[in-house]
Every structure is written in structure tokens, then in C-alpha cells.
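Novice: sequence? don't have it. structure:
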């Protein structure tokens, strides 16, 4: 893009945003910062769920449309575990493990046999998402389930500047999201398995040709990707709530995060999640009946100027 | 050439191989016409010859059946089964056109139909006089179809910027975002409740929502859509579109504007879906965010895949099966478990017969034909198997 246009679009998007920020700060400082924090904590949840989605997509070209269902499954499993034992960390572990095992089963039992048939795999995930969603509805019913946070994160944190008090649990999501991002980055960049996964993202055929059991790498990736969805589910069970339909909401969030951020890139997922989370909460706070439009405008702008996403590379 | 470019080239080749069966269908469906040509006597007038070359006994049979159907069926079967299957089939037909002939699986076709439905409710009459403008139907319907077609083309313009598997993600995102917009916006779309009492107009003194008139209305537009698709795929545009489906790089190198062809395909599909959307809102008498929810976006895909995307008759077959399941599976299973049944059925079709019911039918015929040939000639004829049922591209 020529320099002039880069400046033009930078100003065209930046100036209204800056004007809005000044206006919002001048009228209601507290609302602005609370909304910003809400947006960033929501972004942390979106990142955790979407990073699993993008990992699976990047390596296997498998658009796992059952990702939202895995999220909800993890949430419900965590809920059951927390109800039985009252131990939140166990709930997190259960949610992760449960979703990871279901994801692994999907990869081993079905996707392994249709490698390279993108469309067919996607349709299978659609069918699975319908089935999982209906089984969950059958088991847990249509009412809202809410998981309470662990005691040491329950209640608000007081004495903060400007905003006075903020939920401890939501605040804790911010470092958690960053920690998971860093852990994922270290795993992908500093371990052998991560190296294999990155090699697979770049060139599946070559990795296989150099004697690596690609099916095993795929299985591990699917395990982690699905596990992250379940992990996000247990967090979302506290932060949002669990009710049939949430799976679609998180699936939409994951889709938009990876489309905006760039598919297959974990850093892109972080960028996309931050943009989407902040845009969605600001939309809800300042223009409640049109908040989805902002999400949509972002999607359109990114697709119009960077069809592969902000950090996406040509496949 | 860099590794990435090589891979892209290879992928483009692989994509082309993913759709080889389509061409065989074209050959197979052309065969009966060629057969019947030999039966036509040369003394017939030209227009009769033209008809006899294209129409075989089964066409006449099916046509007679769908015309006589409402006179032998109960009003329930005429309206709830027949009418609904035709309308859902028409919307799914737009997806079959896009997916089968353009290689683009769009999940937003129900969204386009929903836009047409919402426009009918907003410009026409409904139970919300403060929003609905109450214009006459002959202004409302063309306007609604035009707006929905433009929206369909815009959705296409957005989603063709990336290719292949990305299309399904982007169209799903657009469709779900539209659903949430309908749900949260009250000033224009009346939020959760949507619009009730969207009445079918009374034209020529006929109540078009009565079972038999509605059935014939739906049948007329379903046939119009069917023949439009049949016609489109034979035009130079349709042939180029199929070329683009098989290998976009090559078509681009030949000087075809790949993006423009794809966007026009989306617009044509949008037109078909919009007509279906108007009929659907008249069928239901209401439109709510639930009508364009995720489950309906996916149901349209299920109908298209269930029937088979290789021929425009597929979506109508799929719609009949879908509507029958919807109405009668609840008698066999629990009423609430319809989604489980349809999900399992979809899974089975995708796993075992990716070409849907049409694929099953073709395979069955190939097997019967092969068995026939074997018993008649006692020696197997590999060439025949090669044409009908082989896996060779």
C-alpha cells in the first residue's frame, strides 16, 4: 500500500477513535475504564478459546465448527466437577481433559480418514456440533448454569484508582490470558513438539517426508486445541454463563478472531481477540442495539484490506 | 518458485480433483437425452423433436405427480409437507448452485432469504404498524427481492476475497452476526419478537395462503428456480463458473475474471434464495431472529448435502426427506430430539455418501447396471464401470 493511503486509512480510523475516547473520558471516566477492562478480560477468554481453534486450523486446515460445542462441553463438565468436589482447579482440569479427550476421539476416529478433504471435515464438524449441542441440552436442560468462582477470587477487588472496585475473577483473567499466550508461544517455539507443529503448519508433506509421524502430531495438536476450548468453557462458565446457544456465540467469536487476526497464527489470535473483545464491550456499553454492527464493520474492513487477516500469511 | 507458491499450485490441483464427479454427471445426464433422440421420428415438427430430445418418461411422470399431488393429498400434506419442502428446496437450490457449480459453500443463503423476509415484513403489513410501512404487495415483493439479491451479492463480494474453506467460515460469521443484529435491534427489526401476522396478499380473489393455491405458487417458483439453474449452468457464464470451480488459477490465466464470475454467481444464488425467502415468510406468516438463526443456516446446508449437490433436483429431494423427518421423526423418537436425529443423519450422509441421496441412487444404478451387464455378457466390462461408478477422475 502506498504511503499516502496508509496514512489516510490510519487517520480515517484513528481520528474518530481518538475523538470518541476523548469524548467518553470527558463525559464519564469511570464507565470508559470499566468498559475497557471488561473488553480486555473478555478478550482474554476469546483468546484462550480461539487460540485452540487457530492452532487446529493452522496445522490441519480443519475448520472445527464443533469448537463452540467443545467449549460448552468443557464448561458443563467443569460445572459437574465443581458441584461434586467444590474444588475449582479440579473443575478446570476436568473441563480441559474432557474436551481434549473428545477432540482426540474426533481426530482419531474420523478426521484421520479424510485427510486433505477440507470441506468434508468441516461438514463432519457441523454434524458433530449439532449432536453434541443436543446431547448437552438433553443432559443439562435449557436453564442457565452458573459456576461460582473459587473463594480466593470471589467478590470485588476494592481501592482501585478511578474505577473503585472490580471483580477479582475477571481481573485475574487478564494475567491468565497473557500466561497462556506466553506458555503457548514457549511451547510452539521452544519445544520439540512445538517445532514439529510449526513445521507442519508450514509444510505438511515435507514434515511427513522427513520421517515424522504426522498423525501423532495432528493428534497432539487436536488434543491441545480442543483442551483449550474446554478450558475456556470452565472460565466462561464463571464469567458469562452456560446455556444452550453460548456455543454458537463463542464459535462466532472464534471465527471472527481468527479471520481478523489471521488464520493459524497464535499472535494473530491475540490481536484479533483484543480488537473483538474491546469493540464488542464498547458497542454494548455505548450503542446497545447496534453492537454487533461494530463487530461486522471490523470484519468487513479487515477482509477488504487484508483478506488473510492482520497477521495472516499466504497459505 | 518458492515453496509456498509450489504448495499453492499443488493445492489448486487438489481442489480441482476434489470435484471430478460433477463432470461425469453431466455426461451421464446427457446420455438419456441422446438415447431418446434415436426414438424420435424425423417426421415430427421441430419443436416436438426439441421436446422429445429433452424430456423422457421419468420427467413426465414426476411432473404429472407434482401437478396432481394436491388433489390426492390432504391439506396437511399439501401445505406442510409439499409447500414447505418446495420452499426449503428452493432456498437450498441456491446453495446447490453455489456449491455444486461454483465450488463455494455459503452458509449465508438462509440469511439472504431472511433479509427478503424481513423486507417483506417491514415494507408490507404486519402486526407492528409502527414499523411496517404497509405498501402494496406488487411494490413490496420486487423491492424485497432486489434488496436481498444485492445483499447476497455483497456477501459474495466479501467472501470471495478469500477462497476454499475460508468461505464457509466467513459466510457463517456473517450469518450469525446478522442473526444477533436482528435479535438486539428493536427500532428497525423489532428484536426478539420479530414480525407476526405477515399475511400473504389476496390476488385475483384467491387466498394464496390456502393449501392448494400456496402449493401451486411454491411449485411455480421452485420450477422456475430449477430451470433457471439448469439454464445458467449451460450458458457460457455457467461453463466458466464450473471451470473456475475446477481450477481458478488456470481460468485466471485464460483471461477470465475469477472474482467477477464468483460475485455474479452469488448474486444469482441470492436471487433464488430471495424468492424462497418471500415464499417462506408467507408460509410461516411471521419472521423472527430464530428464522435466520444458526440452526436454520445449517439446516439449509443439511438439505443441500442430504439431497446431493451434483444436480439441481438434489435440494428438493433433500427438502422432502428433511420435512418428512421433521414432521414424523418426532412420532418415533422424542419430540425434543429432532436435532439429534437430523445431526446423526447428516453425519451418516457425510461419512458414507458425500454425494447425498443422488450419490446413493447413482451408485445403486451403477451396481444394477454392472450386474445386468455381467449376467448378459458373462464377462465383466470394465469400461462401463469406469464410466458409471469408478473412482478414476
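Specialist: Everything's here; your move. In this text the structure is predicted, and so the values were computed from the model without any measurement.
Novice: leaving aside the residues next to it on the chain, what's closest to residue A:37?
Specialist: Closest residue to residue A:37 in three dimensions, ignoring its sequence neighbours and counting by Cβ to Cβ, 6 or more residues apart in numbering or on different chains: residue A:166, at 6.2 Å. C-beta here means a position set from N, CA and C on the backbone, and glycine is covered the same way.
Novice: Report the buried residues of whichever strand or helix holds residue A:292.
Specialist: When elements are defined using DSSP states H and E, residue A:292 is found to belong to helix A:291-305. Taking 16 or more other Cβ atoms under 10 Å in any protein chain shown as the neighbour-count basis, helix A:291-305 is seen to contain the buried residues A:291, A:292, A:293, A:294, A:295, A:296, A:298, A:299, A:302, A:303.
Novice: Turn those into TSV, including pLDDT and distance to residue B:348.
Specialist: Compiled in TSV, those are given as follows (pLDDT from 0 to 100; distance: Cβ to Cβ, whole Å):
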residue	pLDDT	distance to residue B:348
A:291	77	39
A:292	78	35
A:293	80	39
A:294	82	40
A:295	82	35
A:296	80	35
A:298	84	38
A:299	82	34
A:302	82	37
A:303	78	35
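Novice: Same list (these) but as JSON lines, adding distance to residue B:82.
Specialist: Putting those into JSON lines (distance: Cβ to Cβ, whole Å) gives the following:
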{"residue": "A:291", "distance to residue B:82": "41"}
{"residue": "A:292", "distance to residue B:82": "36"}
{"residue": "A:293", "distance to residue B:82": "39"}
{"residue": "A:294", "distance to residue B:82": "43"}
{"residue": "A:295", "distance to residue B:82": "40"}
{"residue": "A:296", "distance to residue B:82": "37"}
{"residue": "A:298", "distance to residue B:82": "44"}
{"residue": "A:299", "distance to residue B:82": "39"}
{"residue": "A:302", "distance to residue B:82": "44"}
{"residue": "A:303", "distance to residue B:82": "40"}
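Novice: What is the nearest of these to residue B:100?
Specialist: Distance ranking of the buried residues of helix A:291-305 against residue B:100, using Cβ to Cβ, places residue A:303 first at 24.8 Å.
Novice: The closest one and residue A:259 touch, don't they?
Specialist: Yes - judged on Cβ atoms under 8 Å, residue A:303 makes contact with residue A:259 at a distance of 7.2 Å.
Novice: Can you check which residues contact both of these two?
Specialist: Listed as contacting both residue A:303 and residue A:259 by Cβ atoms under 8 Å, 6 or more residues apart in numbering or on different chains are residue B:170.
Novice: Could I get the average pLDDT for the longest helix seen in chain A?
Specialist: Here the longest helix in chain A is taken by residue count, with DSSP state H as the criterion, and it is helix A:29-60. Per-residue pLDDT values over helix A:29-60 give a mean of 86.
Novice: Now the next helix or strand after that helix: average pLDDT?
Specialist: Moving toward the C-terminus from helix A:29-60, the first helix or strand encountered (DSSP H and E) is helix A:67-85. When pLDDT is averaged along helix A:67-85, the result is 89.
Novice: Can you mark which positions in whichever helix or strand comes after helix A:67-85 are buried?
Specialist: Toward the C-terminal end, the helix or strand that comes next after helix A:67-85 (DSSP H and E) is helix A:88-109. Within helix A:88-109, the residues that qualify as buried are A:88, A:91-100, A:102-104, A:106-107, counting by 16+ other Cβ under 10 Å.
Novice: if I look at the nearest residue to residue B:248 once chain neighbours are set aside, how far off is residue B:282?
Specialist: If you skip the residues right next to it in sequence, residue B:248 has residue B:258 as its closest partner in space, 5.1 Å away by Cβ to Cβ, 6+ apart. Remark: distance between residue B:258 and residue B:282 (Cβ to Cβ, to the nearest Å) = 37 Å.
Novice: cool, and residue A:163?
Specialist: Where residue B:282 is concerned, residue A:163 sits at a distance of 52 Å (Cβ to Cβ).
Novice: where are the low-confidence patches of the chain?
Specialist: Picking chain A for this. Of all residues in chain A, those with pLDDT under 70 make up the ranges A:1-2, A:162, A:313-315.
Novice: wait, I meant chain B there
Specialist: Counting by pLDDT under 70, chain B contains low-confidence residues at B:1-44, B:163-164, B:330, B:333-335, B:372-393.
Novice: where do the strands sit along it?
Specialist: With strands called from DSSP state E, chain B shows them at B:202-203, B:206-207.
Novice: most neighbours per residue, which of those?
Specialist: strand B:206-207 (a mean of 14; mean count of other Cβ atoms under 10 Å in any protein chain shown).
Novice: picking up where we left off before, I'd say the residue nearest to residue B:248 and residue B:245 touch.
Specialist: No - here residue B:258 does not reach residue B:245: they are 10.4 Å apart, not a contact under Cβ under 8 Å.
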